[in-house]
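S.K.: Structural data only, the sequence is not supplied:
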């Protein structure tokens, strides 16, 4: 598997966070744009930022379904489209959304990670 995004997700969902970081550039920027009253939205820098991002995800959600439907690579970009379903731990509500991920890579590592999802649906499930 030489797609670093697929490898990253594989290890994240196995709970292998240290292993997942082997596919992430040390100076990466992870971005999840959305309303600032939902803790997962924001900008996370470097390996420590990614660890924080993943910790917040596990604190907020019980993942019930997460799949990548299609990925395409062009030059040093990876574009992925998928579906996710999470149970929000705080409210016990379900958040469902298609998602699009745009990653830029450098030397085979994720340098930039931008996730786009239905932010209104998550905000509704979070409150």
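M.R.: Everything's here; your move. Predicted model only: the values in this text are computed from it and were never measured. Numbers count the residues shown, from 1 in each chain.
S.K.: Need phi/psi at residue 35.
M.R.: phi -60, psi 140 (degrees, to the nearest 10).
S.K.: Count the residues that sit near it.
M.R.: Residue neighbour count, defined by other Cβ atoms under 10 Å, stands at 11 for residue 35. For the C-beta atoms, the positions are set from N, CA and C on the backbone; glycine is no exception.
S.K.: got it, and residue 82?
M.R.: Applying other Cβ under 10 Å, I find that residue 82 has 18 neighbouring residues.
S.K.: And residue 9, how far from residue 36?
M.R.: Between residue 9 and residue 36 the computed distance is 25 Å (Cβ to Cβ, to the nearest Å).
S.K.: Between these two, which is the more surrounded one?
M.R.: Comparing residue 9 with residue 36 by other Cβ under 10 Å, the one with more neighbours is residue 9, at 19 against 7.
S.K.: got a list of what the closest residue to residue 41 other than its chain neighbours touches?
M.R.: Nearest residue to residue 41, sequence neighbours excluded (Cβ to Cβ, 6 or more residues apart in numbering): residue 34, at 3.5 Å. By Cβ atoms under 8 Å, 6 or more residues apart in numbering, the contact set of residue 34 is 40-41, 117, 119, 122-123.
S.K.: Of the residues you listed, which belong to helices?
M.R.: 119, 122-123 (DSSP state H).
S.K.: Buried ones from those, can you make that a ChimeraX selection?
M.R.: Here is the ChimeraX selection string for the buried members of these, based on 16 or more other Cβ atoms under 10 Å:
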select :119,122
